[in-house]
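Chemist: Provided below are the primary sequence and the corresponding predicted coordinates.
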Amino acid sequence: MISADNVEQSLRQLALESSCNGNGFDSEDSKILKWNLPLRELYKMACSFYKEKSGKAIHLSYEDNLKLVAFTQQAAHGPLDVAKTPQLGMFDVIGKDRRIAWQHLGTITKLQAMEGFIDLLDRLCPLFKPYVEAIKKDREEKIRQAQLEEARRREQQEKEKETLAELKRMEDERNREEMQRRQLQDALNQQTYHQFKDYAEKQFPGNPEQQAVLIRQLQNEHYHQYMQQLQAQVSSNYSQMRASGESESELNGSGFEYPAGQHQDQTISAKENSQLEYKEQCDSDEESGEYAVISPANMWTKSDIKLFKQEVTSGKGDGVIRVCHGDTITVRVPTHEGGSCLFWEFATDNYDIGFGVYFEWGKPSTTEVSVHISESDEDEDTLEDDDVVCAEDLECGVQQQKQYNSSSSSSVNRNPISIIVPIYRRECQTEVYAGSHSYPGEGTYLLKFDNSYSLWRSKTLYYKVFYTR
């Protein structure tokens, strides 16, 4: 058994130190001890450490344990009240020692008892401070991670807002462009409706449904060719401005936005619009001018595509061709001395294909129909300098543009070529596309089936060509 006087002296000294260290602050909120932690929180850490490590990582003397237990009793219940405490047994020596140690703490407050327990444990056990610092560091790391996570979450929200705003802006832009396109197409349709209606009545007399289909097809062709001419005009003006040293900003302000009222300022009549759409100036020598203007072709569609494919496959037509991706098929059809008009019909399986008709002037060297397969860039020397064919590739989402140039050395001696029907995509997988054209003179028709815009898909082509007197 330890000396009661020694315990009493030690506890009074610790109580005095705790009272002095407390500096008179009994408020729980204002008690901040070492390691910058609140008193009650640090006390809980100290009690947990003492219970977990006592007898394992730390080995204290009986006297030191009495002192620590006395501080915990004082912190939990306040000063000892002998009248309210139960009596101890005669042989409960440890209980009597603990109660004596608790009684010797006197009237120090609960907060001072907590502080005394922490100070004593810190002096007796060097591992307590690293234990507290580790918990504090882990807590700070969790707080830092939470702050980083919150910052990332806010950043993600900002990015999502920006993405939604950009998508909305793009959607508004697409809607605006679509509205402008419809306004422009409606204006063009109003200009050419009566002319196309008269033409459709001559082609399908007494058949309003076929007339409506043909009018719609002619209006679509009119719009696409008008946009091609418009694009070529803008490109030409842009090149001229760059050559003359004018800035691009001046080009943007020069009036190429085509409002609806602009068409009223143009002096081109509906008939002249049709001529711009379907007629191309023949390639001729500038001095002689021996070639005439080519008349427009007639184009229409037929719905019996299944029967047409069966006829061609069974040998009642010209044939079936596999048009590989990236290739262009050119069917060369010479004019026949006994004919006056060329007819053509074609369709495909599953996907559309580009189609156009050209005329090569000059006496044909043969009367046989021939088929030529080439890649898109091999045909660049077959058209005039200013002939541009555009195709919007719906399969890969890219708008391609092929510029044909006949100024190279390999095309110096070629016969002049005129455009009858410009190349653009036809929905020939749903219906048969047909057309005819009156001979403008001696030469060779070039029926071009263009699959150069497709990066992956090959097309199966069914076609027929024939002439009439």
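Modeler: Right, received. Where do you want to start? Numbering: from 1, shown residues only.
Chemist: rest of the way, CA atoms for contacts and neighbours
Modeler: Noted.
Chemist: for the residue most central in space within the chain, what are its contacts?
Modeler: Centroid-nearest residue in the chain: Leu167, 8.9 Å away (criterion: CA atoms, centre = their mean). Neighbour list for Leu167: empty [criterion: CA atoms under 8 Å, 6 or more residues apart in numbering].
Chemist: separation between it and Glu173?
Modeler: With distances taken as CA to CA, to the nearest Å, Leu167 is found 10 Å from Glu173.
Chemist: let me see the contact set for the residue of the chain positioned farthest from its centre.
Modeler: Of all residues in the chain, Met90 has its C-alpha farthest from the mean position, at 86.5 Å, by CA atoms, centre = their mean. Shown in contact with Met90 (CA under 8 Å, 6+ apart): no residues.
Chemist: ok but Val357 is inside a helix, no?
Modeler: No - counting by DSSP: H, G, I helix; E, B strand; the rest coil, Val357 falls outside a helix, being strand.
Chemist: so it touches Thr444, yeah?
Modeler: No - Val357 is beyond contact range of Thr444, at 10.5 Å (criterion: CA atoms under 8 Å).
Chemist: and the residue nearest to Thr367 when sequence neighbours are not counted, what's its pLDDT?
Modeler: Counting by CA to CA, 6 or more residues apart in numbering, Pro334 is the residue found nearest to Thr367 once chain neighbours are left out, at 5.6 Å. Taken from the predicted model, the pLDDT recorded for Pro334 is 95.
Chemist: correct me, but Pro334 touches Gly443?
Modeler: Yes - counting by CA under 8 Å, Pro334 touches Gly443, with 6.1 Å between them.
Chemist: so what sits against both of these two?
Modeler: In contact with both Pro334 and Gly443: Pro364, using CA under 8 Å, 6+ apart.
Chemist: ok, which stretches of this protein are helices?
Modeler: 4-22, 39-53, 62-77, 93-103, 110-124, 128-203, 208-243, 248-252, 262-265, 270-278, 305-313 (DSSP state H).
Chemist: for the fourth one, which positions count as buried?
Modeler: Buried residues in helix 93-103, counting neighbours by 16 or more other CA atoms under 10 Å, are found at Asp97, Arg98, Arg99, Ile100, Ala101, Trp102, Gln103.
Chemist: ok, now the last one?
Modeler: Within helix 305-313, the residues that qualify as buried are Ile305, Phe308, Lys309, Glu311, Val312, counting by 16+ other CA under 10 Å.
Chemist: turn the residues you listed into JSON lines, including distance to Ile321.
Modeler: Formatted as JSON lines, the buried residues of helix 305-313 follow (distance: CA to CA, whole Å):
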{"residue": "Ile305", "distance to Ile321": "16"}
{"residue": "Phe308", "distance to Ile321": "15"}
{"residue": "Lys309", "distance to Ile321": "12"}
{"residue": "Glu311", "distance to Ile321": "14"}
{"residue": "Val312", "distance to Ile321": "11"}
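Chemist: which residues touch Pro364?
Modeler: Pro364 is in contact with Pro334, Thr335, Glu442, Gly443, Thr444, counting by CA under 8 Å, 6+ apart.
Chemist: wait, which of the residues you listed is closest to Met179?
Modeler: Thr444 (41.9 Å; CA to CA).
Chemist: correct me, but the closest one touches His336?
Modeler: No - Thr444 is beyond contact range of His336, at 9.4 Å (criterion: CA under 8 Å).
Chemist: neighbour count: these two, which is higher?
Modeler: Under the criterion of other CA atoms under 10 Å, the comparison of Thr444 against His336 puts Thr444 first, with 25 against 20.
Chemist: how near is Tyr43 to Cys125?
Modeler: 15 Å.
Chemist: so for these two, which residue has more residues nearby?
Modeler: Neighbours of Tyr43 and Cys125, each counted by other CA under 10 Å, are more numerous for Tyr43; the result is 21 against 15.
Chemist: list the residues that contact the more buried one.
Modeler: Counting by CA under 8 Å, 6+ apart, Tyr43 has contacts Met114, Glu115, Phe117, Ile118.
Chemist: what's next to stretch 56-74, contact-wise?
Modeler: Contacts for stretch 56-74 (CA under 8 Å, 6+ apart): 2, 7, 11, 54, 80, 97-99, 101-102, 105, 108-110, 113-114, 116-117, 120-121, 124-125.
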